[in-house]
Structures are given as C-alpha cells and as structure tokens.
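>>> Quick one, structure for this:
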Amino acid sequence: MGFRVSWIARAGTSTAELIDVSGRRLTGERHEFPDVGFYLLELSAGTHGAWVVLIADGTDNFGELDATLAQSLSDDGHETLYFWCSDTVMATDLICFKNGDLAWSIQYDCESRSQQPTVNGNVPAITHELLKELRQKQIDDSEVDYLYDLTAALGRKLVGFRHDMDLETDDPAPFQVLSR
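Sure, this is the predicted structure:
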C-alpha cells in the first residue's frame, strides 16, 4: 500500500497561483495532516524563505500534478519544486525548475538500485550530504532501501515539508482543504 503523493512548491509566490493551476478552490476546512485529497500548505520558513505547497494525496489524485505543470509555473523566475512518489512501485522524483527550464533533478526507482539515484544538474549541496548518510545506512542495513528516502528528505530540508512526517508548526491545522 503506502503513500502515493505529489506536490508542487514555490518560493516567494502567492497561494492564488497554486490554487488556480490546481483547478480547485479553498473550502475553508483545515486539517492537522493531509489525507486523501488536495491540500494547500503555506510555510513561513525554509532555506529559501516562505514556500507555498500544493499537495495531491492518494491514488486518484497524485497523478493530477505533474512536472510539466511545475515547469510552466517557473516561467516567472520563481524556483518551483515538483515531488512525486509511489510507495507501491518504490519510485520517486524531485525536480527543480526555474525560468521554465530544468535546474536540477533526482530520480530513484528501486528496480535498478545499482544505477540509482539519478542526479542531474546542480543540486543543492545538502543533497550530497544526505546521499552519503543514506548510502552508509544502506551499507549498515541492506534489508531496507534507504536511498528511496533521498527525495523526501531533501524536500523537507529545502521546503520544510515531508509527506510522511509530522509538520513542525504551531498551527494545529496547517493543511487547507481544496475541492473542485
């Protein structure tokens, strides 16, 4: 079973932009953590300042957000991150776009561990530190695929959000529910 989730995060942008591209609207309802559905999350602190995150959670939703949507959002010069993962097939991506172009990307598919993860472009320096730690864990415990965590761990370091961990915030219900 596991998670099937995608998200788009933008630094220095308005929530309206992400709501518009999602084709959804705010319901006024808020949740402590995301469940199946679409959510908007406004974060005040990350390595690049405030981030707004559009989250699509669940089998019927996570495919609706894709890298081309994130890429088009980056046309205005704002850094836009796209995250996708499926625990079912143990594959994940974290892609950064800026000015409509691919800035960097990380892909991992547990089917071909020997060639993974695939890292392209000038990834943030913390990527190499995280990868080193995860590779050491993999050596220490080969029963668990620690490298699969790289994209989610990096996303958390950059944005302040990870889909499978509690959010560190004082807001008791930070996730804004979106509907069609």
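>>> quick one: furthest residue from the center of this protein?
When distances to the mean C-alpha position of the chain are computed (C-alpha atoms, centre = their mean), the maximum falls on residue 140, with 27.1 Å.
>>> Helices of the chain, start to end?
If DSSP state H is used as the criterion, the helices of the chain fall at 15-22, 67-73, 126-140, 150-159.
>>> which stretch in these has the least confidence?
Per-segment confidence across these bottoms out at helix 15-22, which has a mean of 86 in mean pLDDT.
>>> who touches it?
Contact partners of helix 15-22, identified using C-beta atoms under 8 Å, 6 or more residues apart in numbering, comprise 8, 10, 25-26, 38, 40, 42, 52-54, 65, 69, 73, 178. C-beta coordinates here come from the backbone N, C-alpha and C atoms, glycine included.
>>> mind running it again at 10 Å?
By C-beta atoms under 10 Å, 6 or more residues apart in numbering, the surrounding residues in contact with helix 15-22 are 7-10, 14, 24-26, 38-42, 52-56, 64-65, 69-70, 72-73, 76, 78, 80, 176, 178, 180.
>>> can you pull the buried residues of it?
Under the neighbour-count criterion of 16 or more other C-beta atoms under 10 Å, helix 15-22 has 15, 18, 19, 22 buried.
>>> How about stretch 91-110?
The neighbour-count check on stretch 91-110 (16+ other C-beta under 10 Å) flags 91-98, 103-109 as buried.
>>> Show the buried residues in the contacts of helix 15-22.
7-10, 24, 38-41, 52-56, 65, 69-70, 73, 78, 80, 176, 178.
>>> how many other residues sit next to residue 164?
Here the number of neighbours of residue 164 (other C-beta atoms under 10 Å) works out to 12.
>>> nearest spatial neighbour of it, skipping sequence neighbours?
residue 3 (5.9 Å; C-beta to C-beta, 6 or more residues apart in numbering).
>>> my guess is that neighbour meets residue 83, correct?
No. With contact defined as C-beta atoms under 10 Å, residue 3 does not reach residue 83; the gap is 11.0 Å.
>>> Need the residues touching each of those two.
Common neighbours of residue 3 and residue 83 (criterion: C-beta under 10 Å, 6+ apart): 92, 152, 163.
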